[in-house]
Structures are given as structure tokens and as C-alpha cells.
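Peer 1: need a 3D model of the sequence below.
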Amino acid sequence: MTHLRLTIDRKTLIPSITPVFLGAFLVENEIQDLYGLRVQGLPIDYHRTFYLDAEVREAPLCTYTVAQKKEADHPAGE
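Peer 2: This next block holds a predicted model:
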């Protein structure tokens, strides 16, 4: 078994893998509903209503963190 991790900006479209594995449309629709990410090229796209009602505006499992680089008090070499 192999674990793959994809780190992307939340506005980046993820290409669908359903042309390779049709059953992936279930997981890809789940990703869109629960995490708010967008999958491009889904042949069976529920448009965020696979698990959620159409009235839901925010992905329930979506937590975005923003890392900020803190500058050192003294630049390197001083």
C-alpha cells in the first residue's frame, strides 16, 4: 500500500483520476463536499450535493492554516 499526499493551494483545481479508475468519482465528490476543494474533469459530478444539502455554503471539514514566516531579530551573519 502506498500513501500519497498532495499539498495545494485551496483555489487550485485537482485533475480527476476517474479516466484511470472510475470508482474514484465517489472519493472525488466527497473531497469537494467535505473539504471544499475542486476536482476538474469529473464525469459524474454532484456539484457539492453528494453528502451535503444544496443550502450548505461551507465545507464542514475544511480547516485552512496560513503559515507566516517570522523574521529573525538579527539577520544571519551578524
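Peer 1: the chain: helices as residue ranges?
Peer 2: With helices called from DSSP state H, the chain shows them at 24-35.
Peer 1: and residue 23, how many neighbours?
Peer 2: 9 (other C-beta atoms under 10 Å). Every residue, glycine included, has its C-beta placed from N, CA and C.
Peer 1: change the start of the numbering to 31 and stick with it
Peer 2: In the new numbering, first residue 31, that becomes residue 53.
Peer 1: how close does it get to residue 73?
Peer 2: Noted for residue 53: a distance of 12 Å to residue 73, by C-beta to C-beta, to the nearest Å.
Peer 1: neighbours around residue 71, how many?
Peer 2: 13.
Peer 1: nearest residue to it other than its sequence neighbours?
Peer 2: residue 46 (4.2 Å; C-beta to C-beta, 6 or more residues apart in numbering).
Peer 1: isn't the one you found up against residue 58?
Peer 2: Yes: counting by C-beta atoms under 8 Å, residue 58 is a contact partner of residue 46 at 5.8 Å.
Peer 1: overlap in contacts of these two?
Peer 2: Residues touching both residue 46 and residue 58 (C-beta atoms under 8 Å, 6 or more residues apart in numbering) are 69, 72.
Peer 1: the more surrounded of those two?
Peer 2: residue 58 (26 against 18).
Peer 1: which ones are touching the more buried one?
Peer 2: Going by C-beta under 8 Å, 6+ apart, residue 58 touches 44, 46, 47, 48, 69, 72.
Peer 1: tally of neighbours for the closest residue to residue 80 other than its chain neighbours?
Peer 2: Of all residues beyond its chain neighbours, the one nearest residue 80 is residue 59 (4.0 Å), with distances taken as C-beta to C-beta, 6+ apart. Residues within reach of residue 59, counting by other C-beta under 10 Å, total 20.
Peer 1: and residue 59, how far from residue 75?
Peer 2: 7 Å.
Peer 1: and for those two, which residues touch both?
Peer 2: With C-beta under 8 Å, 6+ apart as the test, residue 59 and residue 75 both reach residue 69.
Peer 1: now do residue 45, the pLDDT please.
Peer 2: Looking at residue 45, its pLDDT stands at 92.
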